[in-house]
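Novice: just to be clear, the model below is a prediction. Sequence and coordinates:
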Amino acid sequence: MSSESRNDAAVQIDGVSKSFAGTVALEPIWLKIRRGEFLTLLGPSGCGKTTLLNLIAGFLEADEGELFIDRELVTQVPPHQREIGIVFQNYALFPHMTVAQNVAYGLRTRRVSKAETAQRVAEALALVKLQDFADRRPKQLSGGQQQRVALARALVIRPRVLLLDEPFSALDRNLRTAMQVELREIQTRLGLTTVFVTHDQNEALSMSDRIAVMSRGRVRQIGAPADIYDRPRNLFVSTFVGDANLFDATLQGAEGSALDLSVGGARLSLTSYQDDLPQPGPVTLFVRPEQCRLTDTNEPGAVPATVALSVYQGSYAELHLDCAAAQGGRVMLRVPAAEALPAGAAVGIALPQTGPAIYAADEANKEVA
Ligand code: ATP
């Protein structure tokens, strides 16, 4: 196989859209999912994640556009002929079948021989570490084990693409983390193209090769987790992924990427990564908690604030500050637990000189329009 053909998109979505009774669930979307990549669709409830997954699976018919899997046009191909593995949030196992029968289901419908079925079921169960549970029924398993059966059932057909819709959201936190690691290990080992749906930003950041952040039926940004976190391209992505502090500021002027700003009476010179800067005038300055530093109130450039609450978190403390220059009047930053300050303490917030982003002050209104 040439390197060029290896780089072909495993899934190509060309202008696919979907409405339900006049309500737009998905605006036309163009997306290439690379072979072997773990792509996460991340966004708030109702943004169209499941609709997009169901379109890839073939459970829904697109209103317009074309969909390719391994370069094959599948827009009109029924789900069972797309060779796709699917794992749902609620496991969707057959209760009257044993674990082995559940996993074998997709092979039976494909008329795979008994001997090969037995071997492939054993392999799939070993992959999810359930080889000793083959004869149990789903109700005799924990939630995590049931979800592993669902994963084995999806993997056993050797799918071209694995689709997972919020697969771990019913599991408790520890089990969820363990399953995330396990899935990522299996996916990497098999080199399996995977589309994973979640509304949990931490899950998306920790698991994905790339994340497509969605809102209101559109992909708002697509990129590697660090890209999305460190260089969000709009206010929606800035505030949906990770913690954000937003300040009311005035952009005095810009020369290239060097910005001259005033924030709460303090003058600041910053360098931004953005290539589309708003016009001089009122702007929203976006800064991550870890980009803010606590300092004295009289340090030049420091934004004045008062400690409202210190929340102990074990290895660190979250300081919630009252700050007149901040939107919502609050700023959050983290300090080592031993350096937490009492409520009422007057502090200065030193903002970073590189890294933050600015958005036109009215972008928040446009976001919800
Ligand atoms: P969630 O995280 O809550 O599952 P989602 O991002 O997966 O949300 P979708 O389920 O894709 O969102 O829904 C997108 C929009 O389409 C929503 O406004 C939803 O109400 C609407 N929608 C989805 N399925 C249908 C349907 N079968 N009939 C009518 N409207 C639908």
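Specialist: Great, that's in hand.
Novice: okay, now the unreliable bits of the stretch 201-350 of the chain?
Specialist: Scanning the stretch 201-350 of the chain for pLDDT under 70 picks out no residues.
Novice: same question, the stretch 1-150 of the chain
Specialist: In the stretch 1-150 of the chain (pLDDT under 70), the answer is 1-7.
Novice: do a quick rundown of the helices in the stretch 1-150 of the chain.
Specialist: 3-6, 49-57, 99-109, 114-127, 143-155 (DSSP state H, counting those that start in this stretch).
Novice: so which of these is nearest the ligand?
Specialist: helix 49-57 (3.1 Å; Cβ to the nearest ligand atom). (Glycine included, C-beta is placed from N, CA and C.)
Novice: list the buried residues in the closest one.
Specialist: Neighbour-count burial for helix 49-57, counted by 16 or more other Cβ atoms under 10 Å, picks out 49, 50, 51, 52, 53, 54, 55, 56, 57.
Novice: same question, stretch 301-313
Specialist: 302, 303, 304, 305, 307, 308, 310.
Novice: name the nearest of the residues you listed relative to the ligand.
Specialist: Nearest member of those to the ligand, counting by Cβ to the nearest ligand atom, is residue 308, at 32.6 Å.
Novice: returning to that earlier point: farthest pair in the buried residues of helix 49-57?
Specialist: For those, the farthest-apart pair by Cβ to Cβ is 49 and 57; their separation is 12.6 Å.
Novice: count of neighbours near the residue in the stretch 151-300 of the chain positioned nearest to the ligand?
Specialist: Nearest to the ligand in the stretch 151-300 of the chain, going by Cβ to the nearest ligand atom, is residue 199, at a distance of 5.2 Å. When counting by other Cβ atoms under 10 Å, one arrives at 18 neighbours for residue 199.
Novice: residue 126 now?
Specialist: 11.
Novice: residues touching the closest residue to residue 120 other than its chain neighbours, list them.
Specialist: Excluding the flanking residues, the one nearest residue 120 by Cβ to Cβ, 6 or more residues apart in numbering is residue 156, at 5.4 Å. The contact partners of residue 156, by Cβ atoms under 8 Å, 6 or more residues apart in numbering, come to 103, 104, 106, 107, 120, 121, 123, 124.
Novice: which phi and psi does residue 156 have?
Specialist: phi -60, psi -30 (degrees, to the nearest 10).
Novice: which bits of the stretch 1-150 of the chain sit near the ligand?
Specialist: 20, 23, 25, 43, 45, 46, 47, 48, 49, 50, 51 (Cβ under 6 Å from any ligand atom).
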